[in-house]
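Participant: give me the fold of what follows.
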Amino acid sequence: MGGQHPNPIAVHDGEEEEGVTHQKELDAGALFVLKSKGSWIHAGYHLTTSIVAPPLLSLPFAFASLGWVAGIFCLITGALVTFYSYNLISLVLEHHAHMGTRQLRFRDMADNILGPKWGRYYVGPIQFMVCYGAVVGSTLLGGQCMKTIYLLSSPNGSMKLYEFVAIFGCLMLVLAQIPSFHSLRYINLISLVLCLAYSACAAAGSIYIGKSSKAPEKDYTLNGDSETRIFGVFNAIAIIATTFGNGIIPEIQATLAPPVKGKMFKGLCVCYTVVTITFFSVAISGYWAFGNQAAGIIINNFMDNGKHLVPKWFILMTNAFTILQISAVGVVYLQPTNEVLESNFSDPKRGQFSARNVVPRLISRSLSVITATTIAAMLPFFGDINAVIGAFGFMPLDFVLPVVFFNLTFKPSKRSPIFWLNTTIAVFFSTLGVIAAVAAVRQISLDAKTYKLFANV
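Facilitator: Numbers count the residues shown, from 1 in each chain. Take a look at the predicted model:
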C-alpha cells in the first residue's frame, strides 16, 4: 500500500492523548482521510458496514458444504474469534497511544511491532489487496443486483452484466469523492439500517418459501465424492471467515477522537449485535429452506427458472436494499487506497479543499474507481479470485496478526492461558489459510472452462 511514512504519527497537532501531548507533523493521508474526530457510536457504524455486508447472503451456501452442526459451530467460532481478535488489536493500539505513539494504520502497527519490512512488504500489500479486492467485489455484486432488477421488469432485455457494472461504478465514482473516513459516519448509519433490512428480507423470504407448496424438497446431505466434500468443507470455512473479515480495524480506530480508551469495545458491541442478528438469521433460515440446493447468494433461490417463489416486488425491494448498502461497503474499503493516494499526491501544509489538493484527489480517486469497475466488468467470476484473496488476506489480518501483535506487545507469560490461546489461534488459522487457499485455487481450475472476459453471467 505504498511506501512507509517516516512519521507513523498518531496524534494530530496539539491534541492530547492519554495525558501525553504531541507536536508532530502528520502526512496528508492521516491528516485528511483518517481524521480523528469520531465517537464510539460512529466507530460502530464503520465496523458494521465493513463486516455486515451482502457476502453474508452466501452463508447458507457455506452451510450446504458443512451441514447443520459444523455450520453453526463454525459460525459461532468465527464470531467469537473475530470479536476477540478485533478487541486485541484495539488494546494494542490503546497501549501504544498511552505510551506516546498513536498508530493510525495497520502497516504502522506492523512496522512498530514486527519491524519496517513487515509493514512495507507484507502487511501493507496484503491489506491493499484485500481492501481493493473488496471494492472490485462490491462493484461486481452491485452490477449483478442491478441486472436482476432489470430482468424482473424486462425478462427479454438485451443489456449485459458489464453495462450494469459500469452503471454501479458511476455511483461509486461519486461516493468516492467523500473527503474523509469520518465523513462517512451518517452514510454508514444508513448502511447499518439497510443491512438489517435486506437480511430480514432474506430470512423472511426463505421462511416463506420453505413453508409454501413451492418449497423444494429439503435435502441436508452433503453432495459429491469424498474429495469434493473435503475441499468443500475448507472452502465453506474460508467463506465464513472472509464474511467476518475486516482488515481495517486500525484505520477505523484512527477515526476516533482522543482519548480512545474503551471506545472501540463499545463500537464492536454495536457491530456484533448486528452481526448476531443478521448472520445467524440468514444462515439458518436459508439452509433450512433450501438445504444443499442453497445458491451462492441466497436471494437467487427466490427465483426458479424464471418463476418467482416470492412476490416480484419483494425481490425488487431486497435487491434495492442490497445495492444501496454494497455501495457504502465499497466506499469504506476504498479508504486505505484513498489514504495512500492522499499521502502521495496531497500537500498537508495546504488546505484539504484547496485547489492544490482537490484536483489530484479528484483525479486519483476517479482513476482508482474506474480501474476497479473495469476489473469487475472484465472478470465476472471475480468471486473465485476473491476467495484466494480472502484466504491469503483476511485470515492473517483478522485471525493471525492480532494475537501475534498482542503477545509481542504485552508479552504474557508462556504459562498463562492467554498466551496459549493466542498461539493456538495463530497456528490453527495460519494452517487453515493455506488449506483454504489451495481449495480456492482448485475451484478456479475447475471453473476455468467457463471463464470469459466480459461474460454476461
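Participant: can you confirm residue 165 is in a helix?
Facilitator: Yes - residue assignment for residue 165, taken from DSSP: H, G, I helix; E, B strand; the rest coil, places it within a helix.
Participant: show me the contacts for it.
Facilitator: The contact partners of residue 165, by Cβ atoms under 8 Å, 6 or more residues apart in numbering, come to 139, 140, 142, 143, 373, 376, 377, 380. C-beta here means a position set from N, CA and C on the backbone, and glycine is covered the same way.
Participant: off-centre distance for the helix or strand containing the fourth one?
Facilitator: Okay, so that is residue 143. Under the assignment given by DSSP states H and E, the secondary-structure element containing residue 143 is helix 124-153. The offset between the C-alpha centroid of helix 124-153 and the centroid of the whole chain comes to 11 Å, using Cα atoms, centre = their mean, to the nearest Å.
Participant: and it, what's buried?
Facilitator: Buried residues in helix 124-153, counting neighbours by 16 or more other Cβ atoms under 10 Å, are found at 124, 126-150, 152.
Participant: likewise stretch 170-180?
Facilitator: Counting neighbours by 16+ other Cβ under 10 Å, one finds that the buried residues in stretch 170-180 are 171, 172, 173, 175, 176, 178, 179, 180.
Participant: could I get these as JSON lines with pLDDT?
Facilitator: Supplementary listing: the buried residues of stretch 170-180 in JSON lines, determined by pLDDT from 0 to 100:
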{"residue": "171", "pLDDT": "96"}
{"residue": "172", "pLDDT": "96"}
{"residue": "173", "pLDDT": "96"}
{"residue": "175", "pLDDT": "95"}
{"residue": "176", "pLDDT": "95"}
{"residue": "178", "pLDDT": "95"}
{"residue": "179", "pLDDT": "93"}
{"residue": "180", "pLDDT": "93"}
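Participant: would you format those as TSV with secondary structure and distance to residue 405 included?
Facilitator: Putting the buried residues of stretch 170-180 into TSV (DSSP: H, G, I helix; E, B strand; the rest coil; distance: Cβ to Cβ, whole Å) gives the following:
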residue	secondary structure	distance to residue 405
171	helix	36
172	helix	32
173	helix	36
175	helix	32
176	coil	30
178	coil	30
179	coil	30
180	coil	26
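Participant: which elements pack onto the lengthiest helix in the chain?
Facilitator: When the chain is scanned for its longest helix (criterion: DSSP state H), the result is helix 59-98. For helix 59-98, the packing partners by 3 or more Cβ pairs under 8 Å, 6 or more residues apart in numbering; DSSP states H and E come out as helix 106-113, helix 226-243, helix 249-254, helix 263-290, helix 401-410, helix 417-447.
Participant: right, so of those helices, which gets closest to residue 359?
Facilitator: Within the helices and strands packed on helix 59-98, the stretch nearest residue 359 is helix 249-254; the backing value is 24.6 Å (Cβ to Cβ).
Participant: hmm, who's touching the closest one?
Facilitator: By Cβ under 8 Å, 6+ apart, the surrounding residues in contact with helix 249-254 are 30, 34, 36, 43, 46-47, 50, 86, 89-90, 93, 102-106, 108-109, 181, 246, 260, 263-264, 267, 335-336, 339, 402.
Participant: and the pLDDT at the closest residue to residue 146 other than its chain neighbours?
Facilitator: When the adjacent residues along the chain are set aside, residue 146 lies closest to residue 164, with 4.0 Å between them (Cβ to Cβ, 6 or more residues apart in numbering). According to the predicted model, the pLDDT of residue 164 comes to 96.
Participant: one more: the one 4 residues further on?
Facilitator: Note for residue 168: predicted pLDDT of 97.
Participant: what's the answer for residue 17, then?
Facilitator: 41.
Participant: just residue 79 next, same as before
Facilitator: Taken from the predicted model, the pLDDT recorded for residue 79 is 96.
Participant: who are the contact partners of it?
Facilitator: Residue 79 touches 244, 272, 275, 276, 279, counting by Cβ under 8 Å, 6+ apart.
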